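# Compute the structure for the input listed below.
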Amino acid sequence: VPGSAFVNEGQASASATPPLMLHFNTWAPEGGAVVTLESANPEHLSVPATVTLPAGAMAVEVLVTGLVGDDEPETIIATYNGTSVIAEVVVVAPDAVALPIAIDPATVKSSVDMATTVTIYIDIPGRSGGSEISLLAEPAGILTAPAIVVVPENDFSVTFEVNGLVAGSGTLTATTEAGELVAPFEVLEVPLLGLVISEIFYNPPGADSGKEWVEIFNGTPASVDLSGYSLGNAGTSYTTSVVQLAGELAPGQCFVVGGPTPGAESADALYDQVFDFEPDFQNSGDKADGVALFDVPAASITGGSIPIDAVIYGGSNANSLLDETGEVNEPDIGKASTGSSAERTPAGWLSQPEPSPNNCAHLWE
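Here you go, the predicted structure:
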């Protein structure tokens, strides 16, 4: 929401949008606190001479009268016991037209056959009956958007959905009579899987230390701040070893955590986040082991934490490891042979004798 408050020309002793509140840093004394008010331009904006903060209160609303509309804000000065603060109020003319000033996200990213939420902000409150904004996605045939969206009266934004049709990029233009706002868009041809584990390499040739890794895929239309996520490695529970993730993961991209040892024995992985798992992953056997992705910090993972994604591998799930359903289910895949990875594919988890770190195409090819 813009920094100024707003009042319509012709409104008398009215609440501004948003309400103009005068705050104290302590409670008003007995009998209340009388604050002096002054408008720097009383011909355009009028305020009462004083406003009284009731005893025991810490805030009071200041009502204003809009006299002459102007694009520039008018200043109000409030003074109490020699201390002054200022506020700005824009008087909106009857014929004023809202201008689109911001779009969230700044780059609209979607995927094929996916609906993505977009919000457009305007510079003044929605006018009487709402403020119409025309939308145009170009070139045609890549992204669909409503032809018109309406910011409700006295609101500063409208939220709507766009849909990806085919992979490609272009611009989304929001237009009113006051001007236009142009934002780039991109439609990705990637599976809409959410943030998931896409491949794990837990049984390299020779000693495991420093060669294991986990690949994570961002199957969402937005970048993900990984600092709010973590990995857990199970033996008996996902607390056997934990990793606090870090970094930014763009939509449709892979992120490899592990190492730090490079080379053929680590399947030539390029590490986005270097982390030497300690203890190393279990290579599994009759009892299944697993790796899980959590949407909480590593320090918050407990034996009962439910992951947002997990791969359980090996024999029977005798350790009762939870998967993303919150239930104890059978393993996703058996034990991977030495030098092979466990890889997510459209057909499910498969053993991959030629691991492909940093390349998530196996998710949809």
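# I'd say Asp295 and Ser305 touch.
No. Asp295 is not in contact with Ser305 according to C-beta atoms under 8 Å; the separation is 9.8 Å. To be clear about C-beta, it is placed using only N, CA and C from the backbone, and glycine gets the same treatment.
# Tell me which of the two has more neighbours.
Applying other C-beta atoms under 10 Å to Asp295 and Ser305 shows that Ser305 carries more neighbours, namely 18 against 14.
# what's the closest non-adjacent residue to the more buried one?
Sequence neighbours aside, Phe294 is the residue nearest to Ser305 in space, at 6.0 Å (criterion: C-beta to C-beta, 6 or more residues apart in numbering).
# Could you do Ser169 as well?
Glu186 is the one closest to Ser169 (C-beta to C-beta, 6+ apart), at 4.6 Å.
# and the one you found, how many neighbours?
Counted with other C-beta under 10 Å, Glu186 comes out at 19.
# And for Ala102?
Ala102: 16 neighbours (other C-beta under 10 Å).
# gap between the closest residue to Leu135 other than its chain neighbours and Ala342?
Once flanking residues are discounted, Leu135 sits nearest to Ala145: 4.6 Å by C-beta to C-beta, 6+ apart. Separation of Ala145 from Ala342 (C-beta to C-beta, to the nearest Å): 40 Å.
# do the same with Leu195
18 Å.
# Settle it for me: which of these two has more neighbours?
Taking neighbours as other C-beta under 10 Å, Leu195 and Ala342 compare with Ala342 leading, 28 against 18.
# Return the residues in contact with that one.
Shown in contact with Ala342 (C-beta atoms under 8 Å, 6 or more residues apart in numbering): Glu199, Ile200, Tyr202, Val311, Tyr313, Asp332, Ile333, Ala336, Trp349, Leu350, Ser351, Gln352.
# Which members of those are positioned in helices?
Using DSSP state H, the subset of the contacts of Ala342 located in helices is empty.
# Just give me the least confident of those residues.
Least confident entry in the contacts of Ala342, by pLDDT: Ala336, with 90.
# Report the backbone C-alpha coordinates of stretch 329-337 in CSV.
Output of stretch 329-337 as CSV, limited to C-alpha atoms (Å, rounded to 0.1, in the frame of the first residue of the first chain):
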residue,chain,number,x,y,z
ASN,A,329,4.4,-46.8,3.9
GLU,A,330,6.5,-49.4,2.1
PRO,A,331,9.8,-48.2,0.6
ASP,A,332,9.8,-46.2,-2.7
ILE,A,333,12.7,-48.3,-4.1
GLY,A,334,14.9,-51.2,-3.2
LYS,A,335,18.6,-50.9,-2.5
ALA,A,336,20.8,-49.2,-5.1
SER,A,337,23.9,-51.0,-6.2
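# can you pull the buried residues of that stretch?
Pro331, Asp332, Ile333, Lys335, Ala336 (16 or more other C-beta atoms under 10 Å).
# isn't the residue nearest to Ser169 right up against Thr107?
Yes. Assessed by C-beta under 8 Å, Glu186 is found in contact with Thr107 at 6.6 Å.
# so what strands line up beside the lowest-mean-pLDDT helix or strand in the chain?
When each helix and strand of the chain is scored by mean pLDDT, DSSP states H and E, strand 108-111 comes last, with a mean of 84. If you go by DSSP bridges, strand 108-111 pairs up with strand 179-188 (parallel).
# May I see the buried residues of the strand it pairs with?
For strand 179-188, by 16+ other C-beta under 10 Å, it's Leu181, Ala183, Phe185, Glu186, Val187, Leu188.
# To be precise, which single item in these has the lowest pLDDT?
Ranking the buried residues of strand 179-188 by pLDDT, Leu188 lands last with 81.
# For stretch 63-80, measure first residue to last.
Using C-alpha to C-alpha, to the nearest Å, the span of stretch 63-80 from its first residue to its last is 17 Å.
# gap between Glu153 and Ser131?
Glu153 is 8 Å from Ser131, by C-beta to C-beta.
# which of those two has more neighbours?
Set side by side, Glu153 and Ser131 show more neighbours around Ser131, with 26 against 13, by other C-beta under 10 Å.
# got a pLDDT number for the residue nearest to Gly130 when sequence neighbours are not counted?
Nearest residue to Gly130 in three dimensions, chain neighbours excluded: Val150, at 4.1 Å (C-beta to C-beta, 6+ apart). Looking at Val150, its pLDDT is 98.
# what do you get for the one 5 residues further on?
Residue-level confidence at Asp155 comes out at 96, pLDDT.
# One more: Glu365?
At Glu365, pLDDT is 74.
# same question, Gly3
57.
# Same question for the one 5 residues further on.
The model reports Asn8 with a pLDDT of 96.
# how much space between it and Ile101?
Counting by C-beta to C-beta, the gap from Asn8 to Ile101 is 19 Å.
# One more: Gln282?
Gln282 is 54 Å from Ile101, by C-beta to C-beta.
# of the two, who's got more company?
Between Gln282 and Ile101, Gln282 has the larger neighbour count (other C-beta under 10 Å), namely 22 against 16.
# Sweet, I'm off.
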